[in-house]
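> Just need the structure, nothing else, for what follows:
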Amino acid sequence: PSEPSFSSVFGQELKVLADQDAHICAITAAMAEGTGLTAFAAAHPRRFFDVGIAEGHAVTMAAGMAKQGMLPVCAVYDSFLQRGYDMLAQDVSLDKLHVVFAVDRTGLVGADGETHHGCFDVMYLSQVPGMKVFCPASFAELRTMLRRAVQEETGPVAVRYPRGGEGAYQEDRSDEAIACLRPGTDITLLTYGTLINEALSAADLLAQRGISAQVLKLSTIAPLSPETIRTTLTG
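Residues are numbered from 1 along each chain as shown. Got it, this is the predicted structure:
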């Protein structure tokens, strides 16, 4: 519990960004502590909004605030953001509003239970027109991608990360659309986020059997360019 997590790193970095930019505000839906926003709330109480268990309202509120010139960051658990899917499409996407979604608890979540498993965001976020989806694989990448989402993007953008801490991969290769973490000639393993740790471990096991595995890491999964992937695989 005392070790850093993706949630705590997100909260710390967002507070730093908000210290520098008065337009940044944070919205959550009864998940302030779980999403790491406690320090933000203490430092910027007038820019922190907990709407209760009403994720759809959180998304619509973020859209309204963006329309009025604020820079809202909506931090919600993955499985609960599903409740705001219609609002993502109708209230945020149609007007191409700059709303940042911090999507916590992606993937399997262990003790949080099956209602919290974040299994569907990859599909439904990628369906939202104009949505960019960042997939940090380390704390360093989370910091970089959050800054990019807040400071450089102009439309809807999501940063998705799992419950808990980082793995053996602790680099920052977020400036590369597809980063080659390990060369190989027999097989290619392509993944994103913290699953890169499993791919690297699998490559080690394959090497013991004489199989050379290339390991590639995606920094974003939407928009996704098949041509970029093909070029990387054949280049």
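
> and the helix or strand that contains residue 199, what does it pack onto?
Applying DSSP states H and E as the criterion places residue 199 in helix 196-208. Counting contacts by 3 or more C-beta pairs under 8 Å, 6 or more residues apart in numbering; DSSP states H and E, helix 196-208 packs against strand 178-182, strand 187-192, strand 213-218. C-beta here means a position set from N, CA and C on the backbone, and glycine is covered the same way.

> out of these, nearest to residue 37?
With C-beta to C-beta as the criterion, residue 37 lies closest to strand 187-192 of the helices and strands packed on helix 196-208, at 24.9 Å.

> State which helix of this structure is the longest.
helix 6-20 (DSSP state H).

> Could you give me the buried positions within that helix?
For helix 6-20, the buried set under the neighbour-count rule, 16 or more other C-beta atoms under 10 Å, comprises 6-18.

> ditto for stretch 160-167
Buried, per 16+ other C-beta under 10 Å, within stretch 160-167: 160, 161, 162, 163, 164, 166, 167.

> just checking, the last one touches residue 193?
When you say that, I think you mean residue 167. No - under the criterion of C-beta atoms under 8 Å, residue 167 makes no contact with residue 193, lying 10.2 Å away.

> any idea whether residue 101 is helix, strand or coil?
Three-state call for residue 101 (DSSP: H, G, I helix; E, B strand; the rest coil): strand.

> what's across from the closest residue to it other than its chain neighbours in the sheet?
Once flanking residues are discounted, residue 101 sits nearest to residue 158: 4.2 Å by C-beta to C-beta, 6 or more residues apart in numbering. With DSSP bridges as the criterion, residue 158 is bridged to residue 101, residue 133.

> count of residues packed around residue 158?
27 (other C-beta atoms under 10 Å).

> ok so, going back, report the angle between the axes of the helix holding residue 199 and strand 213-218?
Interaxial angle, helix 196-208 versus strand 213-218 (axes from the mean of the first three to the mean of the last three C-alpha atoms, to 10 degrees): 170 degrees.

> residues of helix 196-208 that come out buried?
Of all the residues in helix 196-208, those buried under the rule 16+ other C-beta under 10 Å are 196, 197, 199, 200, 202, 203, 206.

> Pull the contacting residues for the residue nearest to the third one when sequence neighbours are not counted.
Just to be clear, that refers to residue 199. In space, and not counting its chain neighbours, residue 199 is closest to residue 189: 4.3 Å by C-beta to C-beta, 6+ apart. Residue 189 makes contacts with 199, 202, 203, 213, 214, 215, 216, as judged by C-beta atoms under 8 Å, 6 or more residues apart in numbering.

> per-residue pLDDT, residue 189?
Residue 189 carries a pLDDT value of 96.

> how close does it sit to residue 216?
Remark: distance between residue 189 and residue 216 (C-beta to C-beta, to the nearest Å) = 7 Å.

> what residues does the lowest-mean-pLDDT helix or strand in the chain touch?
Ranked by mean pLDDT, DSSP states H and E, the weakest helix or strand in the chain is helix 226-234, scoring a mean of 78. Residues outside helix 226-234 that contact it (C-beta under 8 Å, 6+ apart) are 177, 178, 180, 188, 190, 216.

> what comes up buried for that helix?
229, 232.

> got the CA coordinates for it in PDB?
Extracted in PDB, the C-alpha atoms of helix 226-234 (Å, rounded to 0.1, in the frame of the first residue of the first chain):
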ATOM      1  CA  PRO A 226      -1.900  -0.300 -39.800                       C
ATOM      2  CA  GLU A 227       0.600   1.100 -42.300                       C
ATOM      3  CA  THR A 228       3.000   2.200 -39.500                       C
ATOM      4  CA  ILE A 229       2.700  -1.300 -37.900                       C
ATOM      5  CA  ARG A 230       3.400  -3.000 -41.300                       C
ATOM      6  CA  THR A 231       6.400  -0.700 -42.000                       C
ATOM      7  CA  THR A 232       7.800  -1.500 -38.500                       C
ATOM      8  CA  LEU A 233       7.300  -5.200 -39.000                       C
ATOM      9  CA  THR A 234       8.800  -5.300 -42.500                       C
END
